[in-house]
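Undergrad: Provided below for reference: sequence and predicted model.
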Amino acid sequence: MPERLPLFINPERAAARGYEASGVYMLEKMDRLRERLIEPYGKVEVRLKFDKDGRRKSLAGHIVGEMVVECQRCMSALEMPIDHHFQLGLIETEAEIDGLLPGEEPLMISNEDLFLADIIEDELELLLPMVVMHDAGSCELRAMPAFTGAFTGEEIEEIPDEAPEIEDKRPNPFAVLVELKK
């Protein structure tokens, strides 16, 4: 099995040969995913296996690694371990979706080669929750200093009773219509 993943691969030929490969992807090179990560971005190890059973083609993958994201509760780094298996059914038309095995997700292919990094990036993005947070009670809360004085009421600035009127100095675009109506 090759220890380096190709950048592009023809899914039809790879499935026909039963192509297997493994390699490492640096997360800093994944533009869409990098927007949701914080440094150090890290890396993931990927194993891929293309397969063909009759007319049905598939891609099985396993991603292992770690992503560093920002906790939305305490705004500190949160290391998210990754150990993700995925199974994609390679289809050429929407009608083939019905022939997918349970647990297989469809991946539409054409006569063009697949950019493997996009597939890995899509899988990693699907793993990220919408709101990333540490488990309850494990956040490193950075509290603001507590107010220790007494509230006297003098801290409130007085608000005037009447707000000043704001004059609109722009010409009315419908003034011409008003004149025509007269």
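TA: Structure received.
Undergrad: counting contacts, what elements does the lengthiest helix in the chain pack onto?
TA: Criterion DSSP state H: the longest helix present in the chain is helix 116-127. On a contact count with 3 or more CB pairs under 8 Å, 6 or more residues apart in numbering; DSSP states H and E, helix 116-127 meets helix 31-34, strand 43-53, strand 56-70, strand 77-91. Glycine gets a C-beta too; all of them are placed from N, C-alpha and C.
Undergrad: Show me which positions of that helix end up buried.
TA: 116-117, 119-124 (16 or more other CB atoms under 10 Å).
Undergrad: re the thing from before, export the helices and strands packed on helix 116-127 to a markdown table and tack on mean pLDDT?
TA: Below are the helices and strands packed on helix 116-127 laid out as a markdown table (pLDDT from 0 to 100):
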| stretch | mean pLDDT |
| --- | --- |
| helix 31-34 | 88 |
| strand 43-53 | 93 |
| strand 56-70 | 91 |
| strand 77-91 | 91 |
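Undergrad: Closest one of the buried residues of helix 116-127 to residue 90?
TA: residue 119 (10.7 Å; CB to CB).
Undergrad: May I ask you to confirm that the closest one is in contact with residue 109?
TA: No: with contact defined as CB atoms under 8 Å, residue 119 does not reach residue 109; the gap is 10.7 Å.
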